[in-house]
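Trainee: sequence unknown, structure follows:
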Ligand code: ATP
Ligand code: MG
């Protein structure tokens, strides 16, 4: 029987997650929480694929820029020194470029994960975007310690181990982008599906 509200989400282990040897641990944490891996592959993405993965809309770019700006204000750092501007849209565009550079620099692991409210559950297992703020017990909180400021001084993306879709709609789009319509498996997990 299908569990009510079961949905799928998209997860990618970023280059720092792969290089820290966390592939197994990340999958274990998902499976331990009764989430089911329904597609899985290691691969080397192209810049073009990554460019299509990350949103380009002004709202998303501004959100990244505004969050970055808030961190700089909180810690009294000069955003213009690292970005040459304080405009959230331009900051967001620069971060997006660093992110694409980073995500296409080394092999990643991609997966589709299925379960009850999978999108929210996986986001909870993953933890806050900023590793230094992520709760202990989350993947980012247990295995990383980066921040926007330490990353931006070096003109790079924040190393936070893993990507996970934010909404079911984003998840559908990302699963189709990375796996196509067909390559998702169906099987029953003992104790969960029967
Ligand atoms: P993801 O989308 O990777 O799952 P998230 O949803 O927690 O992470 P977003 O706000 O969507 O976070 O940002 C996407 C990614 O952009 C972050 O995971 C991080 O790697 C990177 N990022 C965000 N802000 C900055 C910043 N100021 N400097 C460098 N990298 C950043
Ligand atoms: Mg995101």
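Mentor: Nice, I can see it. Note that the coordinates shown come from a computational prediction; the quantities given were computed from them, not determined experimentally. Ligands and ions are numbered 1, 2, ... in the order given.
Trainee: could you use CA atoms for every contact and neighbour count after this?
Mentor: Fine.
Trainee: residue contacts, residue 27?
Mentor: Going by Cα atoms under 8 Å, 6 or more residues apart in numbering, residue 27 touches no other residue.
Trainee: residue closest to the middle of this protein?
Mentor: With distances taken as Cα atoms, centre = their mean, residue 163 lies nearest the centre of the chain, 1.4 Å away.
Trainee: that residue and residue 16 touch, don't they?
Mentor: No - counting by Cα atoms under 8 Å, residue 16 is not a contact partner of residue 163; they are 11.4 Å apart.
Trainee: can you tell me the closest non-neighbouring residue to residue 165?
Mentor: Closest residue in space to residue 165, ignoring its immediate chain neighbours: residue 171 at 5.2 Å, by Cα to Cα, 6 or more residues apart in numbering.
Trainee: what about the residue lying closest to residue 78 once chain neighbours are set aside, distance to residue 83?
Mentor: If the residues on either side of it in the chain are set aside, residue 78 comes closest to residue 72, at 6.6 Å by Cα to Cα, 6+ apart. Applying Cα to Cα, to the nearest Å, the value for residue 72 to residue 83 is 11 Å.
Trainee: swap in residue 62?
Mentor: Remark: distance between residue 62 and residue 83 (Cα to Cα) = 14 Å.
Trainee: one more: residue 119?
Mentor: Going from residue 119 to residue 83 by Cα to Cα gives 32 Å.
Trainee: again with residue 65
Mentor: In this view, residue 65 and residue 83 are 10 Å apart by Cα to Cα.
Trainee: ok, residue 28 next?
Mentor: According to Cα to Cα, residue 28 stands 38 Å off from residue 83.
Trainee: next: residue 175.
Mentor: In terms of Cα to Cα, residue 175 sits 32 Å off from residue 83.
Trainee: more neighbours: these two, which one.
Mentor: Per other Cα atoms under 10 Å, whichever of residue 175 and residue 83 has more neighbours is residue 175, with 23 against 17.
Trainee: how about the more buried one, phi and psi?
Mentor: phi -60, psi -40 (degrees, to the nearest 10).
Trainee: what pLDDT does the model give it?
Mentor: Looking at residue 175, its pLDDT is 98.
Trainee: go on, the one 3 residues further on?
Mentor: Predicted confidence (pLDDT) for residue 178: 98.
Trainee: sweet, I'm off.
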